[in-house]
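Undergrad: I would like to see how this sequence folds:
(3 chains)
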Amino acid sequence: MLWYLKNFNIFDNFSESDLESFTKYLRAEEFDKGETILIPHDSERHVYFLMKGKVKVFHIDEDGREIILVILREGEIFGLLAVIEEYSNPLVVALEECLVGYMHESDFQNLMEEKPELCFTIYKYIGKRLITIENRLDELLFQDIPTRLARLLLRLSREYPRERDCGVQIDLRLTQQEIADLIGASREATSAALNPFKRNGWLELHQRYICLHNSEALQELA
DNA sequence: ACATTAATACGGT
DNA sequence: ACCGTATTAATGT
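TA: Residues are numbered from 1 along each chain as shown, chains lettered A, B, ... in the order given. Down below sits the predicted model:
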């Protein structure tokens, strides 16, 4: 447990004993791909620590479409905004096998009171998340679908790179539906935008992992 | 919406 | 564990 916590940037300037006290309140649970980790209005409020794996955080609109806010990986935190009553929490679903640590919101609050640096760290962390979502907002509103797709792929290849001899592979096994949910497009439009990229040899799919062969061309489009 | 293809689950060995 | 096949999921148009 302690070993996992050391991977959290948030705890960079925390001592071993600080983390030790942290683990006292922390429980862990494993989730399979596709399992729901957090549903909105969960009566038991917790703060979640993603120790292993990747999750998608999303809302479902009135027509049942998913809108993915962000994909998180090991070392990231979620469920923090559950403290705000008015906020309708998003859903969190595992994209692959995950190990998730969690603690009661009240315990987390106590820890923040004991360690004011933690408050500041969390404040910065939430601010960063807000900025990334704000940045994506104007993109979604003003760009066409191929541009949005190109930008998404470039961003994901930067955030989740896996180097291969043929190019940079995005280390996420997303379906076209999930890609569509990330760029606010229909699945069909996403497929139609993706295929020209493939035909031009800008990217390739190996076992559903997207591998960028020509980032420059995508860059130009974006 | 439908036809095609890819991925997974299942059962037998 | 491996293979072939049935079933389901993802994709292309």
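
Undergrad: now the residue nearest the centre of chain A: how far from DNA strand C?
TA: Per Cα atoms, centre = their mean, the C-alpha nearest to the average position across chain A is that of A:Ile71, at 1.8 Å. Applying Cβ to the nearest atom of the strand, to the nearest Å, the value for A:Ile71 to DNA strand C is 16 Å. The C-beta positions use only the backbone N, C-alpha and C, and glycine is treated the same way.

Undergrad: so which residues of chain A form strands?
TA: Along chain A, counting by DSSP state E, strands occupy A:27-31, A:36-38, A:46-52, A:55-60, A:66-72, A:76-78, A:91-94, A:98-104, A:161-164, A:167-170, A:203-206, A:209-212.

Undergrad: any chance of the ones you listed in a markdown table, with mean pLDDT too?
TA: Formatted as a markdown table, those follow (pLDDT from 0 to 100):
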| stretch | mean pLDDT |
| --- | --- |
| strand A:27-31 | 95 |
| strand A:36-38 | 94 |
| strand A:46-52 | 96 |
| strand A:55-60 | 96 |
| strand A:66-72 | 96 |
| strand A:76-78 | 96 |
| strand A:91-94 | 96 |
| strand A:98-104 | 96 |
| strand A:161-164 | 95 |
| strand A:167-170 | 96 |
| strand A:203-206 | 94 |
| strand A:209-212 | 96 |
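
Undergrad: who in chain A is up against DNA strand B?
TA: Counting by Cβ under 7 Å from any atom of the strand, chain A comes close to DNA strand B at A:Glu188, A:Gln207, A:Arg208.

Undergrad: which strands and helices lie in contact with the longest helix anywhere in chain A?
TA: Ranked by residue count, the top helix of chain A under DSSP state H comes out as helix A:116-142. The contact analysis (3 or more Cβ pairs under 8 Å, 6 or more residues apart in numbering; DSSP states H and E) places helix A:116-142 against strand A:66-72, helix A:105-114, helix A:145-159.

Undergrad: send the alpha carbons of the second one over as CSV?
TA: Extracted as CSV, the C-alpha positions of helix A:105-114 are listed here (Å, rounded to 0.1, in the frame of the first residue of the first chain):
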residue,chain,number,x,y,z
GLU,A,105,-14.0,11.8,3.3
SER,A,106,-14.0,12.6,7.0
ASP,A,107,-10.6,10.9,7.5
PHE,A,108,-9.2,12.8,4.6
GLN,A,109,-10.5,16.0,6.1
ASN,A,110,-8.8,15.2,9.4
LEU,A,111,-5.6,14.5,7.6
MET,A,112,-5.8,17.9,5.8
GLU,A,113,-6.3,19.6,9.1
GLU,A,114,-3.3,17.9,10.5
